[in-house]
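A.B. asks: I'd like to go over a predicted model; first the sequence, then the structure.
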Amino acid sequence: KDYVIGIVGATGAVGQELVRLLHERNFPMSALRLFASARSAGKVVERFGKKWTIEEAKPGAFAGVDLAFFAAGGSVTRALAADAVKSSCVVIDKSSALRMEPNIPLVIPEINPEKLRNHGGIIANPNCSTAVMLMGLWPLHQAFGLKRIIVSTYQSVSGTGAEAVKELADQIQQHVSGQPVTHKVYPYQIAFNCIPHIDSFGENGYTGEETKMAEESRKIMGLPNLKVSATTVRVPVVRAHSVSVSAEFERPVDLAKARAAIAAFPGAELVDDVANKKYPTPLDFAEKVKCGVGRLRIDTAWDNGLSFWVSGDNLWKGAALNAVQNAELMIREGILKSEPAAV
Ligand code: 2RA
């Protein structure tokens, strides 16, 4: 069976990757419809030798669509996801709007695919930094029983969007040509800098991004008591997020077993040979399906501790690819059906 597919937010960074991945992975589509705000409606998009006229994302627009990928931000999801489900359209949502709703499955197919089975029409995808981190953390949890993590992220500017990518390039140009360096997207210049502030600060001094990593990791791994302390940082990298993790486990850890667990995990590529300067970098793992995991070492700060590093594409495993993989799995399992969501 081929499906009528919709992409909401088709002109954004993730939306464009969705168009690309659906074509490159030969997703079974009888038609692809691109939706965006009224501002973009009517624009013509040309790719892969095809032309699409962008449709306005609005109530009733999803009649006849079997599956819609939402990549237009939380307000659009809140406004239109339930409406799409009422038109018998399944929604796979990238935004954070519904991730922590008890009856909305938050799914990474390599970790908790069983949660797809009883979906009520809407499936949520995790934040990009969470997904990248879990590609290293989940296999280690399975091996040694995770107890606590301290994590720092090194997040690319494409996580913010196309405007931030352009601003980084502009700032480098300004710096090189001796002009004053201006900044608009972030509170500080990002070129040649790092900014320890992603999303907004909460009362507890953690940002929304840091809280998402904690809450989403607990939900996806089914570890409600997992202790997490995250620091999320924007770095002058265009594409691919990296995370450094220090983790404490319930059971004694063993490096050879840890490496074997990661090498066997479908979402990870083990790159761990420091004697030959081999470890993952964002440049190496941009536009890669798997996330690179390396720098594995016994972490003596804990009784049963391991530290490691992951680099993964924030637009792919962190967003568009994970969404498409969820859809591919639902098709394989014959569960791409829609029932009115109890949202
Ligand atoms: C970021 N994780 O990197 C957030 C949203 N994509 O900006």
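C.D. replies: Yes, it's here.
A.B. asks: contacting residues for the residue nearest to residue 305 when sequence neighbours are not counted?
C.D. replies: Nearest residue to residue 305 in three dimensions, chain neighbours excluded: residue 299, at 3.2 Å (Cβ to Cβ, 6 or more residues apart in numbering). Just so you know, the C-beta spots here come from the backbone N, C-alpha and C atoms, and that holds for glycine as well. Applying Cβ atoms under 8 Å, 6 or more residues apart in numbering to residue 299 gives the contacts 246-248, 305-307.
A.B. asks: got phi/psi on the residue of the stretch 1-150 of the chain at minimum distance from the ligand?
C.D. replies: Closest contact between the stretch 1-150 of the chain and the ligand, by Cβ to the nearest ligand atom, is at residue 128 (4.5 Å). Dihedral pair for residue 128: phi -60, psi -40, per degrees, to the nearest 10.
A.B. asks: do I have it right that it meets residue 160?
C.D. replies: No. Look at residue 128 against residue 160 with Cβ atoms under 8 Å: they stay out of range, at 10.8 Å.
A.B. asks: which one of these two has more residues nearby?
C.D. replies: It is residue 128, of residue 128 and residue 160, that has more neighbours when counted by other Cβ atoms under 10 Å, with 29 against 18.
A.B. asks: and residue 262, what helix or strand is that in?
C.D. replies: Element membership of residue 262 [criterion: DSSP states H and E] is helix 255-264.
A.B. asks: cool, residue 328 as well?
C.D. replies: Taking DSSP H and E as the criterion, residue 328 maps to helix 321-332.
A.B. asks: buried residues in that helix?
C.D. replies: The neighbour-count check on helix 321-332 (16 or more other Cβ atoms under 10 Å) flags 321-327, 329-330 as buried.
A.B. asks: go on, stretch 48-57?
C.D. replies: Going by neighbour count (16+ other Cβ under 10 Å), the buried part of stretch 48-57 is 52, 54-55, 57.
A.B. asks: span of it from start to end?
C.D. replies: 23 Å (Cα to Cα, to the nearest Å).
A.B. asks: ok, residues contacting it?
C.D. replies: 8-11, 19, 23, 32-38, 40-46, 61, 72, 76, 80.
A.B. asks: give me that answer again for 10 Å
C.D. replies: 6-11, 19-20, 22-24, 31-46, 61-62, 68, 70, 72, 76, 79-80, 83-84 (Cβ atoms under 10 Å, 6 or more residues apart in numbering).
A.B. asks: ok, of those, which come out buried?
C.D. replies: Neighbour counting over the contacts of stretch 48-57 (16+ other Cβ under 10 Å) leaves 6-11, 19-20, 22, 32-37, 40-41, 45, 61-62, 68, 70, 72, 76, 80, 83-84 as the buried ones.
A.B. asks: just these: which are in helices?
C.D. replies: Counted as lying in helices by DSSP state H, out of the buried ones among the contacts of stretch 48-57, are 19-20, 22, 76, 80, 83-84.
A.B. asks: and whatever residue of the stretch 151-300 of the chain ends up closest to the ligand, how many neighbours does it have?
C.D. replies: Closest residue of the stretch 151-300 of the chain to the ligand, Cβ to the nearest ligand atom: residue 159 (2.2 Å). Per other Cβ under 10 Å, the neighbour tally for residue 159 reads 26.
A.B. asks: likewise for residue 168?
C.D. replies: Residues near residue 168, counting by other Cβ under 10 Å, number 24.
A.B. asks: helices or strands up against the lowest-mean-pLDDT helix or strand in the chain?
C.D. replies: Sorted by mean pLDDT, DSSP states H and E, the helices and strands of the chain end with strand 44-47, the least confident at a mean of 94. Where contact means 3 or more Cβ pairs under 10 Å, 6 or more residues apart in numbering; DSSP states H and E, strand 44-47 is packed against helix 13-24, strand 29-36, strand 50-53.
A.B. asks: got JSON lines for those, with distance to the ligand and mean pLDDT too?
C.D. replies: Shown next, in JSON lines, are these (distance: least, Cβ to the nearest ligand atom, whole Å; pLDDT from 0 to 100):
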{"stretch": "helix 13-24", "distance to the ligand": "8", "mean pLDDT": "97"}
{"stretch": "strand 29-36", "distance to the ligand": "18", "mean pLDDT": "97"}
{"stretch": "strand 50-53", "distance to the ligand": "24", "mean pLDDT": "96"}
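A.B. asks: what does the stretch 101-250 of the chain have sitting close to the ligand?
C.D. replies: Applying Cβ under 6 Å from any ligand atom, one finds that the stretch 101-250 of the chain approaches the ligand through 127-129, 155, 159-160, 198, 209.
A.B. asks: before we move on, the earlier item: in strands, which of the contacts of residue 299 appear?
C.D. replies: Residues of the contacts of residue 299 located in strands (DSSP state E): 246-248, 305-307.
A.B. asks: re earlier: spit out the contact partners of the residue of the stretch 151-300 of the chain closest to the ligand.
C.D. replies: 13-14, 127-129, 153, 165, 198, 209, 232, 234, 237, 239-241, 314-315, 318-319.
A.B. asks: so which of the helices and strands packed on strand 44-47 is nearest residue 287?
C.D. replies: helix 13-24 (9.2 Å; Cβ to Cβ).
A.B. asks: any weak-confidence spans in the chain?
C.D. replies: For the chain, the stretches flagged by pLDDT under 70 are 337-343.
A.B. asks: next one: residue 22 from residue 50, what distance?
C.D. replies: Using Cβ to Cβ, to the nearest Å, one gets 11 Å for the distance from residue 22 to residue 50.
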